[in-house]
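Engineer: generate a structure from the sequence data that follows.
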Amino acid sequence: MSQSTAFSDLFDKDINLKGLFDIISPENNLVLADDMMLSDASGIILRVSETYEKNFGFAHNSIVGRSAFDLEADGTFTPCITAEVIRQKRKVTATQTINHSYKNVMTVGIPLFDDNGELKYAVCFNTVSMEQINAIQQNYRNLQDSLQQYSEEIAELRTRATSTSLVFKSASMQRLWTLMQNTANTKANILITGETGVGKSAIAKTIHAMSNRADGPFIEVNCAVLHENLIESELFGYEKGAFTGASSTGKIGKIELSNHGTLFLDEIGELPPHIQSKLLQLIQEKTIERLSGTKKIELDFRLIVATNRNLEEAVQRGLFRSDLFYRLNVIRIHIPPLRQRMEDIYPLAYRFLARFCGEYGKDLSFSPRFLAFLEQYEWPGNVRQLENLIERMVITVQDPIIDVTHLPVEFTGEAVPTAELLAQGGTLAERMDAYEGQIIRDSYRRCGTTVAVARELGISQATAARKVAKYVPRGPGGEPL
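Structural biologist: Numbering: from 1, shown residues only. Reported below is the predicted structural model:
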């Protein structure tokens, strides 16, 4: 509803509202507030807005029906602008003190006349002056400055919070943490090494969160899971019509998506040779061309890569380019396996327990025997295996305390070992199956990916994936243990 419609509903149809709407025009130096008081020609208050009563502490309808002159006489208003408008029969603008609430407000009083020129109403509005608006704007600018400062402090706190999600106590992880702090804000490429499940992805994300690129994207690519025929288009993108089955609009690659942020290439050792060459060129020039594209696209990103393979050995065997390796190996961050930093097991276990109890609505604790088991176990799957075990325990254990009696058989050794099965007999199929299972489990724990297992054992990746799914135990989240 427009202002004119809303106001006109309050008055008789024969009232000239020109004086009222003159002050609502944009050219006026005053901005009307919601506070309004209406009186008749004798000064009797006919109506006040709800905001007027609320803002100045009047009880509902407590001044309606009273005389503006009486309210002036008893000091409720000093001066009473309504009374002044009636006396002077003209527009009055002045600061009015409302002693009831000890407030000083700029008020505009407007006389309204009928067609015969007789005074019919007096309308008073509380207003905001341009000086007050300027003061409000200055306060807003000051607030913005404060918010900027608070935002910077919050960003720092968020970085700290992200970093502390890396739970550790061991001296080796303390040294690693110091290295991360010293290199987070540099442009140097980082190579993260370590066994499967040690937390290479978590380290990469934390470095990104600590860096001056934290507001930019963090793009993670697992090179081991990308099909060799698709990895180039996934990384570099393509223009429309680049190949059969390509999107008609083209596609932005993962590398381009990481612009002004961090590109994390996990399992870098699985890159095929022709992609290694393109990655080397990318590192040198920081430009890419999409497949079937002709335009070079300049990029600004921080490169972090990770592998569980021995890249030096891969270089010697001709499986990984030496020039690319030296480009990547600027900052080396090696994450020790969990069995070499036993001090970190308890803090990690309790962090996982708290998280999963919160997720699944449980309240559980560890028995001393269970804690002793955690410390004595070798953890071939490292932190990921520990995390999966704790989640499994929280889901399956119905008692308030998690004990070693709740452990699955792959941790307790109650299953018949392969050597014993072979020694005690069984059918040829059973013996061969047990032996094959042991080979697949050992290879997967060393290699960490089905691609690497296939290469090590001389089988296809499809066969390796099928056998890993058959023989390698998995946690509740589907992660191999």
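
Engineer: residue 343 falls within a helix, correct?
Structural biologist: Yes: when classified by DSSP: H, G, I helix; E, B strand; the rest coil, residue 343 is found to be part of a helix.

Engineer: so how far is residue 351 from it?
Structural biologist: Remark: distance between residue 343 and residue 351 (C-beta to C-beta, to the nearest Å) = 14 Å. Just so you know, the C-beta spots here come from the backbone N, C-alpha and C atoms, and that holds for glycine as well.

Engineer: got the buried residues for stretch 97-115?
Structural biologist: Neighbour counts using 16 or more other C-beta atoms under 10 Å place 97-98, 105-113 of stretch 97-115 among the buried residues.

Engineer: nearest to residue 53, of the residues you listed?
Structural biologist: If you rank the buried residues of stretch 97-115 by distance to residue 53 using C-beta to C-beta, residue 98 comes first, at 11.3 Å.

Engineer: OK, contacts around the closest residue to that closest one other than its chain neighbours?
Structural biologist: Closest residue to residue 98 apart from its sequence neighbours, by C-beta to C-beta, 6 or more residues apart in numbering: residue 56 at 5.0 Å. Contacts for residue 56 (C-beta atoms under 8 Å, 6 or more residues apart in numbering) come out as 35, 98, 100-101, 103.

Engineer: would you turn these into a markdown table with secondary structure and distance to residue 69?
Structural biologist: Below are the contacts of residue 56 laid out as a markdown table (DSSP: H, G, I helix; E, B strand; the rest coil; distance: C-beta to C-beta, whole Å):
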| residue | secondary structure | distance to residue 69 |
| --- | --- | --- |
| 35 | strand | 20 |
| 98 | strand | 16 |
| 100 | coil | 17 |
| 101 | coil | 21 |
| 103 | strand | 21 |
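
Engineer: a markdown table for the residues you listed, including pLDDT and distance to residue 448?
Structural biologist: Compiled in a markdown table, those are given as follows (pLDDT from 0 to 100; distance: C-beta to C-beta, whole Å):
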| residue | pLDDT | distance to residue 448 |
| --- | --- | --- |
| 35 | 78 | 71 |
| 98 | 83 | 76 |
| 100 | 71 | 77 |
| 101 | 69 | 73 |
| 103 | 78 | 72 |
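
Engineer: test my guess that residue 103 contacts residue 95.
Structural biologist: No: the criterion here is C-beta atoms under 8 Å, and residue 103 misses it with residue 95 at 10.3 Å.

Engineer: tell me which two of the contacts of residue 56 sit farthest apart.
Structural biologist: Greatest spatial distance among the contacts of residue 56 (C-beta to C-beta): 35 and 100, at 13.4 Å.

Engineer: residue 454 contacts residue 467, correct?
Structural biologist: No: with contact defined as C-beta under 8 Å, residue 454 does not count as touching residue 467 (9.6 Å).

Engineer: where exactly do the strands run in the stretch 251-400 of the chain?
Structural biologist: Assigned by DSSP state E, counting those that start in this stretch, the strands in the stretch 251-400 of the chain fall at 262-266, 287-288, 297-298, 302-307, 331-334, 365-366.

Engineer: angle of the first one against strand 302-307?
Structural biologist: Between the axes of strand 262-266 and strand 302-307, defined by axes from the mean of the first three to the mean of the last three C-alpha atoms, to 10 degrees, the angle is 10 degrees.

Engineer: burial count for residue 453?
Structural biologist: For residue 453, the neighbour count with other C-beta atoms under 10 Å is 25.

Engineer: for it, which non-adjacent residue is spatially closest?
Structural biologist: Nearest to residue 453 is residue 464, by C-beta to C-beta, 6+ apart, at 4.4 Å.

Engineer: now do the strands in the stretch 101-250 of the chain.
Structural biologist: With DSSP E, counting those that start in this stretch as the criterion, the stretch 101-250 of the chain has strands spanning 103-113, 119-129, 190-193, 218-222.

Engineer: coming back round to it: please tell me how far the residue nearest to residue 98 sits from residue 126.
Structural biologist: Counting by C-beta to C-beta, the gap from residue 56 to residue 126 is 9 Å.

Engineer: next helix or strand past the helix or strand containing residue 452?
Structural biologist: Residue 452 belongs to helix 450-457 when assigned by DSSP states H and E. Using DSSP H and E, the helix or strand that follows helix 450-457 in sequence is helix 461-471.

Engineer: now do that next one against helix 450-457, angle only.
Structural biologist: Angle, helix 461-471 to helix 450-457, by the same axes, to 10 degrees: 100 degrees.

Engineer: residue 113 reaches residue 123, doesn't it?
Structural biologist: No: when contacts are counted by C-beta under 8 Å, residue 113 is not listed as touching residue 123 (11.9 Å).

Engineer: what is the nearest of the contacts of residue 56 to residue 319?
Structural biologist: residue 35 (79.7 Å).

Engineer: that closest one - how many residues pack around it?
Structural biologist: Look at residue 35: counted by other C-beta under 10 Å, it has 21 neighbours.
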